[in-house]
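Colleague: model the structure of this input:
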Amino acid sequence: MTALSARLRNRSALVALVVALVALAATLSAATPAHAFTKEQLRYGKESIGYTADQFAARKADFVAHGCWTGPAGCNKPSPYNEFDWSDDGCSPPTPDHLRERFRNACLQHDFGYRNFGNGLMLERTENRRYRIDVKFRNEMNRICGRMFSGNAKRVCKAEATVMYKAVRRFNNWQQQ
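Modeller: Numbering: from 1, shown residues only. Below you'll find the predicted structure:
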């Protein structure tokens, strides 16, 4: 009876260990993105965010022309570049139409940042990275204002850009992308 009891205890311990390992694996997979990004994707994502909004729009147009929109399905770019999410909603409502058009490329770049750093690839899902993406958005809008206007019109444009930046900082987050 003692040998049988010992075997049953060992078997029970083994079963408990397997159950614990399965639970641990499930926890880790839930906490880890389905796709682990590569260093090259992080580098390329940072480079894309570092471009001017117009340079970024040209890069995005190239990817879209190669069938890339939301990941590898239909994308004719090599791995790991085919994993990026290039989808966007432009400048989200309730942004007035004239500002949506004026700041379109800055908004596209901002959407890319949130979709690839915040969600999707989760390249660097930190509040610091979110802040840097938002500041880049503000700086690009200000650059657009400087290129398009002078004098009072430039000041008004930059004030509108500041309102948009503050709205993004206040009401937007990684979960919305």
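
Colleague: walk me through the domains of this protein.
Modeller: As given by automatic domain parsing, the domain ranges for the chain are 1-32, 35-176.

Colleague: tell me the most buried of those domains?
Modeller: Of all the domains of the chain, domain 35-176 has the most neighbours on average by mean count of other CB atoms under 10 Å, namely a mean of 16. No exception for glycine: its C-beta is placed from N, CA and C like everyone else's.

Colleague: how far off centre is that one?
Modeller: 9 Å (CA atoms, centre = their mean, to the nearest Å).

Colleague: quick one: average pLDDT of that domain?
Modeller: Throughout domain 35-176, pLDDT has a mean value of 94.

Colleague: Arg130 and Lys136, how far apart?
Modeller: For Arg130, the distance to Lys136 equals 11 Å [CB to CB, to the nearest Å].

Colleague: ok, Gln109 next?
Modeller: For Gln109 relative to Lys136 (CB to CB), the value is 7 Å.

Colleague: pretty sure Met148 sits against Lys158.
Modeller: No. Met148 is beyond contact range of Lys158, at 10.8 Å (criterion: CB atoms under 8 Å).

Colleague: can I get stretch 104-116 in CSV, CA atoms only?
Modeller: Only the C-alpha atoms of stretch 104-116 are listed here, as CSV (Å, rounded to 0.1, in the frame of the first residue of the first chain):
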residue,chain,number,x,y,z
ARG,A,104,-3.4,65.0,-43.3
ASN,A,105,0.2,63.7,-43.6
ALA,A,106,1.0,64.5,-40.0
CYS,A,107,-2.2,62.6,-39.0
LEU,A,108,-1.2,59.6,-41.2
GLN,A,109,2.2,59.5,-39.5
HIS,A,110,0.6,59.7,-36.0
ASP,A,111,-1.7,56.8,-36.9
PHE,A,112,1.3,54.7,-38.0
GLY,A,113,3.0,55.5,-34.7
TYR,A,114,0.0,54.4,-32.5
ARG,A,115,-0.8,51.3,-34.7
ASN,A,116,2.7,50.0,-34.7
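
Colleague: I appreciate the help and will end here.
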